[in-house]
Every structure is written in C-alpha cells, then in structure tokens.
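Student: Here you go, sequence then predicted model.
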Amino acid sequence: SVFTVLGMELRLTKLSSGVLTLQNKTGRIDRVVEFLNGRKQREAISRHEAQVLAGLLQFASGFFAGRAFKQTTATLHHVVAGHKLLPRTVKEFCDDTVVLLRTAKPRVLDCNAPSEPFLLWTDGSWEDGVAGIGAVSLDMLTGEGRVFEGTVPKCLTKHWEETVGAQIIGQVELYAAVTIRCFLADKLVNRRTLFWIDNESARFGLINGASKSESMFQLLKIMSQVDMNQPTMLWVERVPSFSNPADAPSKLLGSTFLARSFLGAPSHRPGGVCPCNGVVQQRPSGGCLATPARGSRPTGWRCLGVGP
C-alpha cells in the first residue's frame, strides 16, 4: 500500500476511494534537517552541497507534489550556478527550510475533485502613481463569475520604487495574481485552476516559483505558503493584453466591464457572507465591499458583482 518512487512516498491505502497521498520519503526530513543545521553552523553552503540538497528536494517541488519548496530549490540552483550566499542569508535560508520541512503536509490528490476548471484572469496597471489591480473569475463548475478591482497599498509601491526603480509593473502584476490566489484560497482547494496573465516576468515567476527580483521572489514565497495549506492544481498561461478581461478592472473601470460582460449586472447580497469569503458591506452600486474575514487574507480587493 506504500511505495517509493523518485524520492517521494506514495500511499495507496485510499486509492480505491480515488485518493492518492504523496509525501517525503521516510527519514528524508530528518536527514535534510541535520544537513541544514550543519551548514547553518558553518554559515556557508558549497556548490557541491547545494547540488546534493537540491537533489534531495527536487521531487518535493514537482507539479503534483506542490509548490512549497519552489523557492528553496531555486536558491540552491542559484548557488550551483556559482553565486555565493552571505553568512546571514545562509542562516535565514536554513531556518526557513527547516520550518518548511517540519510543517509541510502530505499532498493529497483526490480524483473525486471536480474536473471543471476554475478560470482566473488578472492584470495590473501603474499610472500616475496609482497601482491598480484587477481580476475576473469564472467557475466552470457552477457557472458563477466575479469581477474584482482594487489598488496596491501606497507603502508597498513606495518600497518597490525605492528598491527596484520607477518600473514596477511586474511587481504590480504579480501582486494581483498572488493576492487574488490568497483571497480565493478556500474556493480553489483541490480545483484545477487556470491562471491567465499578460505580464511575462510575473507569468514565468508563477511557473518557476522564482525570480531574480527580490521583491517578486518574496511574493512568490507567499504563493507557495498558501499552496501548502490550501493546495490547488495550478496552470499558468499567457493572454494577450487586449484579450484580458481583467484589464478594465485593473484601471478601476470594473463596473463598466461588468455592465457589458457575460456576468450581467451586480447581484445584491444583503448581509451574511460574501461569495468571496469576506464580510459583506452594501454599496450604493449594488455590489459588495469585501473585507477579509481572516487576518491572513490580503486587503485592497473589492468584489464589484457576481453573476451567472
């Protein structure tokens, strides 16, 4: 009922019910933790050691195993390529990886999960000092669609400008994708999620789980943390800008798009819980202002309407 393949342990005890469980091979976590503690004390990771550790974790960051170790393996590949980590960075890397190893849950693949995909389009804009974010979702299981719009907090765009420069559209686009993923995390558990995005740096970051930009790398770490607790089968594709329905919401014109789209007019949801898992506050336009109900959820998104 249990066997090992490519360094991963497969549990077939519930296979007759359509459930397959993947986890790290028995004893591997203790071995890797011991290895990391040694590197932490020495405050250095050699090229060869990075190759060994990357090999141990490679299959734990595969498509079916989840995204939890994407950033870990990306850092190790960076070292293998010839880059050296500062002693402080080595300590932080070892501590973060040990926490991941100790808290990572087995990946459960449920064949009974809906096969109909959940579609998400995201976009971002950076004009006149305002970073707009937009998203459009369509659940092919229920036929329910939603339009979201919002802005990136000023303090964050200011930090990006100070550390990256004036051109921060890649950060804005990735922020839109990561935060809507967090916001809809409950909806996306064990679903086949198809992300459409028109920014290449953000798209490749989502696919690879890594970026040369430190600010984007940190956003991708958040994406992986969410996926560890509320996993989804994520596929990322490119959509041309002129075909991206999230373009209008990202420019804070979501109501105009909603009135013309297949989603129809905004639905009234008096009281109770918003379909975005936030607390409903009625707005004059008939939409709802989604205030995140959990402390871990990002702010800044407004759900303008829901429609069949």
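Tutor: Cool, got the structure. Numbering: from 1, shown residues only.
Student: my guess is residue 257 meets residue 250, correct?
Tutor: No: the pair residue 257 / residue 250 is not scored as a contact, 10.1 Å apart, by Cβ atoms under 8 Å. (Each C-beta comes from the backbone N, C-alpha and C, glycine too.)
Student: which one of the two has more residues nearby?
Tutor: Legend: neighbour count by other Cβ atoms under 10 Å for residue 257 and residue 250, higher for residue 250 (28 against 21).
Student: Could you list everything residue 122 pairs with in the sheet?
Tutor: Beta-bridge pairing for residue 122 (DSSP bridges): residue 135.
Student: thought it was touching residue 134?
Tutor: Yes: look at residue 122 against residue 134 with Cβ under 8 Å: they come within range, at 7.0 Å.
Student: Please enumerate the shared neighbours of these two.
Tutor: Common neighbours of residue 122 and residue 134 (criterion: Cβ atoms under 8 Å, 6 or more residues apart in numbering): 176, 246.
Student: Residue 195 against residue 232, yeah?
Tutor: No: Residue 195 lies out of contact with residue 232 (Cβ under 8 Å); the separation is 9.8 Å.
Student: secondary structure class for the residue nearest to the spatial centre of the chain?
Tutor: With distances taken as Cα atoms, centre = their mean, residue 223 lies nearest the centre of the chain, 2.8 Å away. Applying DSSP: H, G, I helix; E, B strand; the rest coil to residue 223 yields a three-state assignment of helix.
Student: name the element the closest residue to it other than its chain neighbours belongs to?
Tutor: Nearest non-adjacent residue to residue 223, counting by Cβ to Cβ, 6 or more residues apart in numbering: residue 178, 5.0 Å away. Taking DSSP states H and E as the definition, residue 178 sits inside helix 169-183.
Student: export the helix or strand containing residue 95 as PDB, just CAs?
Tutor: According to DSSP H and E, residue 95 maps onto helix 87-103. The C-alpha trace of helix 87-103 is given here as PDB (Å, rounded to 0.1, in the frame of the first residue of the first chain):
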ATOM      1  CA  PRO A  87      26.500  34.100   6.100                       C
ATOM      2  CA  ARG A  88      23.300  35.900   7.300                       C
ATOM      3  CA  THR A  89      21.500  34.600   4.200                       C
ATOM      4  CA  VAL A  90      22.700  31.100   4.800                       C
ATOM      5  CA  LYS A  91      21.300  31.200   8.300                       C
ATOM      6  CA  GLU A  92      17.900  32.500   7.200                       C
ATOM      7  CA  PHE A  93      17.800  30.000   4.300                       C
ATOM      8  CA  CYS A  94      18.500  27.100   6.700                       C
ATOM      9  CA  ASP A  95      16.000  28.200   9.300                       C
ATOM     10  CA  ASP A  96      13.200  28.800   6.700                       C
ATOM     11  CA  THR A  97      13.800  25.500   5.000                       C
ATOM     12  CA  VAL A  98      13.700  23.600   8.400                       C
ATOM     13  CA  VAL A  99      10.400  25.200   9.200                       C
ATOM     14  CA  LEU A 100       9.000  24.200   5.800                       C
ATOM     15  CA  LEU A 101      10.200  20.600   6.200                       C
ATOM     16  CA  ARG A 102       8.700  20.300   9.700                       C
ATOM     17  CA  THR A 103       5.300  21.900   8.800                       C
END
